[in-house]
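A.B. asks: Give the three-dimensional model of this entry:
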Amino acid sequence: MELTPDRVATERDWVAARADTVVPIINDVRAELGVAFETDVDPVTDGQYRDEVDAVFADGDLAVNVAALVAILRDLDVQDDYPGFVVDEILGRELAATIAGTQPLRTLGEATFHYADVHVHGGTDEMAGVDDLEAALAAGFQERLPGWNWTERESPFGVER
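C.D. replies: Numbering: from 1, shown residues only. Sure, this is the predicted structure:
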């Protein structure tokens, strides 16, 4: 695989075009986790998702890494899928974490990936890595986007000197 600025732009366009698939996954995950954690979590719009895709891909160092992981997962297939289960999990978890950002969002992105991945199943005509890719995009971007109460308040643990 060769990554060029044009290839990164191609992967960006593919990720943005998946809004109709990824945004419902984000909103389902947020609704279910909101119930589990007894909190209200705002849903995400297609526009918010696409704006955040633009933000991720505007950061060249981040963009090239996200594009590489997206490209690998888009092309990953393993006969009968199950033997490839571990590699697409590793790549999906890393993509979600990379998109989510720094700690604690990085770890939450990884954990949310596994939660989303259980609920996302690709079609028989899709490469094995695509469902993991969609779960990773949902997990990573949902961490970046506003809507969680705890991210919209000052942390009580900040210490000033």
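
A.B. asks: Can you tell me, leaving aside adjacent residues, what's nearest to the residue nearest the centre of the chain?
C.D. replies: Centrality entry for the chain: nearest residue to the mean C-alpha point is Leu137, 2.3 Å, by CA atoms, centre = their mean. Closest residue to Leu137 apart from its sequence neighbours, by CB to CB, 6 or more residues apart in numbering: Val22 at 4.8 Å. In this view, the C-beta of every residue, glycine as well, is placed from N, C-alpha and C.

A.B. asks: by contact count, what packs against the helix or strand harbouring that neighbour?
C.D. replies: Under the criterion of DSSP states H and E, Val22 resides in helix 19-36. Judged by 3 or more CB pairs under 8 Å, 6 or more residues apart in numbering; DSSP states H and E, the packing partners of helix 19-36 are helix 46-58, helix 105-119, helix 129-144.

A.B. asks: any chance of the ones you listed in CSV, plus mean pLDDT and distance to Ser155?
C.D. replies: CSV is the format used below for these (pLDDT from 0 to 100; distance: least, CB to CB, whole Å):
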stretch, mean pLDDT, distance to Ser155
helix 46-58, 98, 22
helix 105-119, 91, 13
helix 129-144, 91, 16
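
A.B. asks: Dump those into CSV; add distance to Asp13 as well.
C.D. replies: Output for the helices and strands packed on helix 19-36, formatted as CSV (distance: least, CB to CB, whole Å):
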stretch, distance to Asp13
helix 46-58, 9
helix 105-119, 22
helix 129-144, 13
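
A.B. asks: out of those, deepest packed?
C.D. replies: Among the helices and strands packed on helix 19-36, the stretch with the highest mean neighbour count (mean count of other CB atoms under 10 Å) is helix 129-144, at a mean of 28.

A.B. asks: about what we covered before: quick one: residues contacting the residue nearest to the centre of the chain.
C.D. replies: Going by CB atoms under 8 Å, 6 or more residues apart in numbering, Leu137 touches 15, 18, 22, 25, 95-96, 99.

A.B. asks: List only buried entries from those residues.
C.D. replies: With burial judged by 16 or more other CB atoms under 10 Å, the buried subset of the contacts of Leu137 is 15, 18, 22, 25, 95-96, 99.

A.B. asks: now stretch 4-15: mean pLDDT?
C.D. replies: Mean pLDDT, stretch 4-15: 97.
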